[in-house]
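**Student:** Predicted coordinates and the sequence they were generated for:
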Amino acid sequence: MSRPLFHPVSYPDDGGPQPVPFTRKNNTPAPPVPHTPSKIKHATNERLHEDQWTRTPNTPHTGAIHVRTFRAKLSDDALAYLDQQINEWLDAHPQYEVKMTNTTIGEWSTKLGKEPGIIVSVWV
């Protein structure tokens, strides 16, 4: 007869685990929690539009003072949509002159894993 590899530790006088009795010291209800405004903001809440910028963009050919960032997946359709978004934004703001652009390519964590993406920053 073989002995089991693992066996529970038991004590003969123990009788097994016993539930811990729950006793409330007093029956007074808990004090109300004070209401505090949420610190979580939605992307459209209190968003500054370019018309509310206090610094006007520099023209012509001087330093950039504002940036607009666009992002997309690295697929043909997403890049075409990214081009469309950047062109529509520039067409809607003819007073801005593009001073510089930055692109960054990397991986984003999504629910389905990681996928390649691109971030384009347009400095005006």
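**Tutor:** That came through, no problem.
**Student:** what bits of this structure have low per-residue confidence?
**Tutor:** Along the chain, the parts satisfying pLDDT under 70 run over 1-25, 40-59, 61.
**Student:** That one: strands as residue ranges?
**Tutor:** In the chain, strands defined by DSSP state E lie at 67-73, 100-110, 113-123, listed in chain order.
**Student:** Could you check the angle the first one makes with strand 100-110?
**Tutor:** What that stands for is strand 67-73. In terms of direction (axes from the mean of the first three to the mean of the last three CA atoms, to 10 degrees), strand 67-73 departs from strand 100-110 by 40 degrees.
**Student:** Can I get strand 67-73 in CSV, CA atoms only?
**Tutor:** Taking C-alpha atoms only, strand 67-73 is exported to CSV below (Å, rounded to 0.1, in the frame of the first residue of the first chain):
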residue,chain,number,x,y,z
VAL,A,67,0.5,71.0,-32.1
ARG,A,68,-2.4,68.8,-33.4
THR,A,69,-1.9,65.1,-33.1
PHE,A,70,-3.5,62.4,-35.2
ARG,A,71,-3.3,58.6,-34.8
ALA,A,72,-4.3,55.6,-36.8
LYS,A,73,-3.7,51.9,-37.3
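**Student:** Buried residues of that strand, list them for me.
**Tutor:** 68, 70, 72-73 (16 or more other CB atoms under 10 Å). Just so you know, the C-beta spots here come from the backbone N, C-alpha and C atoms, and that holds for glycine as well.
**Student:** Quick one: neighbours of the closest residue to residue 108 other than its chain neighbours, just the number.
**Tutor:** The shortest distance from residue 108 to any residue that is not its chain neighbour, by CB to CB, 6 or more residues apart in numbering, is 4.7 Å, and that residue is residue 117. The number of residues packed near residue 117 is 17, by other CB atoms under 10 Å.
**Student:** Over to residue 122?
**Tutor:** Going by other CB under 10 Å, the residues that sit close to residue 122 add up to 19.
**Student:** Please apply the same query to residue 104.
**Tutor:** Under the neighbour criterion other CB under 10 Å, residue 104 is assigned a count of 11.
**Student:** where's it relative to residue 80, distance?
**Tutor:** When CB to CB, to the nearest Å is the yardstick, residue 104 and residue 80 sit 19 Å from each other.
**Student:** That concludes my questions; thank you for your assistance.
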